[in-house]
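K.L.:
The following block contains a protein sequence and its predicted model.
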Amino acid sequence: MRSLSYLNKYFLRYKKKLFLGFLFILFSDAAQVTIPLFLRKSIDGLQQNIEYSGLLKYAAMILGAAIISGIFRFLIRETIVVTSREIEFDLRQDFWTHLLKLPLRFFQNNSTGNIMAHATNDIGAVRMYCGPAVMYSADTIVKFIIVISVMISIQPLLTLYVLIPLPLLSFFVYLLSKKVHKKFTKIQEKFSELTTKAQENFGGIRVIKAYVKEESEIEEFKKLSDEYLNRNMEKIRIQAFFMPLLFLITGISIIVVVWVGGRMVIQNELTLGDISAFLVYLGMLIWPVIAFGWVMNIAQQAAASMKRLLKIFNENEEIRNPESAKQPVNGFMGNIEFKNVSFRYKDNLPYVLKNINLKIPNGTRLAIIGNTGVGKTTLINLIPRLYDVSEGEILIDGINVKELSLSMLRENIGFVPQETFLFSDTIANNILYGVKEENKSMKLVEKVSEISQLRKDVEAFPEKFETVLGERGITLSGGQKQRAGLARALAVNPKILIMDDSFSAIDTKTEEEILNGLKSFMQNRTSIIISHRISTIKDSDKIIVLDKGVIAEEGTHNELVALGGIYADLHYKQLLEEELKKIN
């Protein structure tokens with residue numbers, strides 16, 4: 001239950017509204033508690049030959065008290081329950097904000113389905129605690145205090161008899177609540193697995209259909225669903241035992257009132273009105289007692305969910321903005337320097353990059369080549385601080401990237417990753433995604449689409465740039481998606497353009513046209529290209545060859561071919577492949 005203390009800051013944020021809600025609870029319960037007193041007087045009045053007008057007066061009082069109690073009951077929900085929705089909103093926004101600040105490492109280690117389960121089911125369980133649980137807890141406490149006080153004023157001894165079973169109830173509530181907490185934690189874990197499986201199936205539907213795996217996926221999903229069902233049933237069985245137990249104990253209290261109170265009426269120690277009021281008051285205590293058990297279940301579920309959420313809230317952001325960011329003296333130019341840079345993903349893992357020293361002056365076109373898994377993508381990910389270096393430093397215009405504000409750093413970098421992600425939006429909005437609102441225009445869309453050789457394809461679509469793409473840009477081909485990703489990077493007018501194997505799905509003719517268009521656009525800008533094709537990078541100002549995390553070779557195309565090393569070997573192999581294609 002300690003995990004729920006995290007919510008105190010949200011309760012304090014809405015303390016005025018919650019205070020009003022607690023006042024409304026007090027007024028509502030006070031009005032409700034007067035009803036048995038009016039009933040008591042009317043019944044005693046019947047024994048004393050009360051007049052019809054007197055009965056009407058008590059009936060009007062009972063009706064008035066019920067109406068007042070109902071009005072305040074409505075206001076309770078308008079304050080406490082509405083506040084719980086506002087807390088839910090704040091918590092979800094804080095959770096989302098924190099997620100977006102977490103490093104790539106976190107998302108590589110946590111599935112999308114698991115994160116979605118936290119953002120939906122877990123936050124929903126916490127909301128139930130902030131609203132209904134808080135409301136019914138306060139209502140139960142206030143009602144107990146008022147009702148028990150009135151019952152004691154009527155007959156202290158009978159009240160004592162009525163309260164005897166309640167400690168037993170508290171003991172059972174404690175035992176069962178602990179079990180509910182454990183069961184609910186397992187339920188949420190299985191729900192995460194279920195959402196992860198669903199997300200993978202939806203995302204990989206093409207592969208599933210291509211390999212005719214629908215039946216096996218359905219069967220696997222059914223197994224997970226059955227496990228989720230069984231864990232829910234285990235919790236429900238505990239709760240199913242809980243409610244009858246509550247009714248049994250409260251039923252015992254009613255028997256005590258009828259038996260002991262009836263004897264007191266016979267002995268003229270109580271009136272019929274007293275015993276009637278006592279029974280109504282006992283009825284009023286039944287729901288708070290039941291609500292108490294229900295609240296304990298909600299609190300245990302919320303504690304389990306909050307504990308899961310806190311695991312993410314406690315994740316280190318790692319990549320942080322500097323407290324006092326520096327500004328390049330002559331504005332952001334794009335001069336990059338790697339000084340003794342080494343990197344590894346975790347302290348217990350081997351280095352991916354080792355002692356990298358590299359200068360990339362403004363206006364330079366640098367190419368990076370090497371076999372798969374040598375650290376090419378890792379190297380370029382360090383520039384916009386998607387990861388931070390383990391050792392050494394990266395300088396841009398003479399300033400360590402850790403001393404530049406993240407927004408300024410990334411706004412000046414156009415990044416085209418290996419896998420282009422497009423949103424379910426129009427092509428135009430996807431291209432303008434990183435552009436500030438005041439700079440967005442169709443003219444810009446057309447300009448960058450022309451350079452990326454996407455415009456001619458889009459013009460053939462009925463809705464042109466207003467064409468809405470399917471999820472992850474499924475409407476477009478692989479080559480079209482890559483060109484859309486390049487257009488998006490160019491639209492931000494970057495000082496540094498990074499392209500990570502972004503021509504792999506594009507034919508060589510289109511690639512050549514794109515590279516020619518980039519020459520004029522990238523004048524006085526820095527561009528970095530990762531590619532497996534020699535034809536893509538041969539005209540670069542400088543080429544580096546990565547091998548086993550170090551720069552094995554560097555120079556121009558002709559210099560590296562003449563060197564006769566790794567680059568020359570790749571060059572001759574690709575020339576041979578091209579010759580074989582021509583023969584075939």
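P.N.:
Right, received. Where do you want to start?
K.L.:
going forward, measure contacts between C-alpha atoms and count neighbours the same way
P.N.:
OK.
K.L.:
mind checking how far the residue lying closest to residue 44 once chain neighbours are set aside is from residue 189?
P.N.:
With C-alpha to C-alpha, 6 or more residues apart in numbering as the criterion, residue 44 has its nearest non-adjacent residue at 5.1 Å, and that residue is residue 273. With distances taken as C-alpha to C-alpha, to the nearest Å, residue 273 is found 54 Å from residue 189.
K.L.:
Those two: who's more crowded?
P.N.:
Counting neighbours by other C-alpha atoms under 10 Å for residue 273 and for residue 189 shows that residue 273 has the greater number, 22 against 16.
K.L.:
quick one: the more buried one and residue 38 touch, right?
P.N.:
No. Counting by C-alpha atoms under 8 Å, residue 273 does not reach residue 38; the two are 9.3 Å apart.
K.L.:
Which pLDDT value belongs to residue 26?
P.N.:
Reported pLDDT at residue 26 in the predicted model: 90.
K.L.:
Excluding covalently adjacent residues, which one is nearest to it?
P.N.:
Going by C-alpha to C-alpha, 6+ apart, residue 26 has residue 142 as its nearest residue, at 6.5 Å.
K.L.:
residues in contact with that neighbour?
P.N.:
25-26, 29 (C-alpha atoms under 8 Å, 6 or more residues apart in numbering).
K.L.:
which one of those residues is nearest residue 490?
P.N.:
In terms of C-alpha to C-alpha, no member of the contacts of residue 142 lies closer to residue 490 than residue 25, at 59.7 Å.
K.L.:
what sits against the closest one?
P.N.:
Residues counted as contacts of residue 25 (C-alpha under 8 Å, 6+ apart) are 72-73, 76, 138-139, 142.
K.L.:
for residue 485, same thing?
P.N.:
416, 420-422, 431.
K.L.:
got the residues you listed as JSON lines, with distance to residue 544 columns?
P.N.:
Shown next, in JSON lines, are these (distance: C-alpha to C-alpha, whole Å):
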{"residue": "416", "distance to residue 544": "19"}
{"residue": "420", "distance to residue 544": "24"}
{"residue": "421", "distance to residue 544": "28"}
{"residue": "422", "distance to residue 544": "30"}
{"residue": "431", "distance to residue 544": "30"}
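K.L.:
Just the ones of those in helices?
P.N.:
residue 431 (DSSP state H).
K.L.:
Highest neighbour count among the contacts of residue 485?
P.N.:
Counting by other C-alpha under 10 Å, residue 431 has the largest number of neighbours within the contacts of residue 485, with 27 neighbours.
K.L.:
Tell me if I'm right that it and residue 482 touch.
P.N.:
No. Contact between residue 431 and residue 482 fails when scored by C-alpha under 8 Å: they sit 11.5 Å apart.
K.L.:
any common contacting residues for these two?
P.N.:
When contacts are counted by C-alpha under 8 Å, 6+ apart, residue 431 and residue 482 have no shared neighbour.
K.L.:
so where is the stretch 251-400 of the chain shaky, pLDDT-wise?
P.N.:
Across the stretch 251-400 of the chain, the ranges flagged by pLDDT under 70 are 289-290, 293, 329.
K.L.:
In it, mark out all the strands, start to finish.
P.N.:
Ranges of strands within the stretch 251-400 of the chain are 336-343, 353-360, 365-369, 391-396, 399-400, based on DSSP state E, counting those that start in this stretch.
K.L.:
Reformat the ones you listed as JSON lines; add mean neighbour count and distance to residue 543.
P.N.:
Listed next are the strands of the stretch 251-400 of the chain as JSON lines, based on neighbours: other C-alpha atoms under 10 Å; distance: least, C-alpha to C-alpha, whole Å:
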{"stretch": "strand 336-343", "mean neighbour count": "20", "distance to residue 543": "15"}
{"stretch": "strand 353-360", "mean neighbour count": "18", "distance to residue 543": "11"}
{"stretch": "strand 365-369", "mean neighbour count": "24", "distance to residue 543": "5"}
{"stretch": "strand 391-396", "mean neighbour count": "20", "distance to residue 543": "19"}
{"stretch": "strand 399-400", "mean neighbour count": "16", "distance to residue 543": "24"}
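K.L.:
Now render those as TSV, adding distance to residue 81.
P.N.:
Converted to TSV, those look like this (distance: least, C-alpha to C-alpha, whole Å):
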stretch	distance to residue 81
strand 336-343	50
strand 353-360	54
strand 365-369	58
strand 391-396	51
strand 399-400	49
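K.L.:
can you tell which of these is closest to residue 323?
P.N.:
Taking C-alpha to C-alpha as the criterion, strand 399-400 is the member of the strands of the stretch 251-400 of the chain that comes nearest to residue 323, at 13.8 Å.
K.L.:
Sheet partners, orientation included, of the closest one?
P.N.:
Its sheet considered, strand 399-400 pairs with strand 391-396 (antiparallel) by DSSP bridges.
K.L.:
what residues does the partner strand touch?
P.N.:
Among residues not part of strand 391-396, those counted as contacts by C-alpha under 8 Å, 6+ apart are 334-343, 355, 383, 400-401.
K.L.:
Return the closest of those with respect to residue 553.
P.N.:
Residue 553 has its nearest neighbour among the contacts of strand 391-396 in residue 355, at 14.0 Å by C-alpha to C-alpha.
K.L.:
Throw the contacts of strand 391-396 into TSV and include distance to residue 265, thanks.
P.N.:
Written out in TSV, the entries for those read as follows (distance: C-alpha to C-alpha, whole Å):
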residue	distance to residue 265
334	94
335	97
336	95
337	96
338	94
339	95
340	94
341	91
342	89
343	86
355	95
383	87
400	89
401	86
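K.L.:
So which of these is the closest to residue 372?
P.N.:
For the contacts of strand 391-396, the closest approach to residue 372 (C-alpha to C-alpha) belongs to residue 343, at 17.2 Å.
K.L.:
I'd guessed that closest one sits against residue 351; true?
P.N.:
Yes. Using C-alpha under 8 Å, residue 343 is in contact with residue 351, at 5.6 Å.
K.L.:
Mind putting the contacts of residue 25 into CSV with distance to residue 269?
P.N.:
Shown next, in CSV, are the contacts of residue 25 (distance: C-alpha to C-alpha, whole Å):
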residue, distance to residue 269
72, 36
73, 36
76, 39
138, 34
139, 32
142, 29
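K.L.:
so which of those would you say is closest to residue 281?
P.N.:
residue 142 (13.5 Å).
K.L.:
would the closest one count as being in a helix?
P.N.:
Yes. When classified by DSSP: H, G, I helix; E, B strand; the rest coil, residue 142 is found to be part of a helix.
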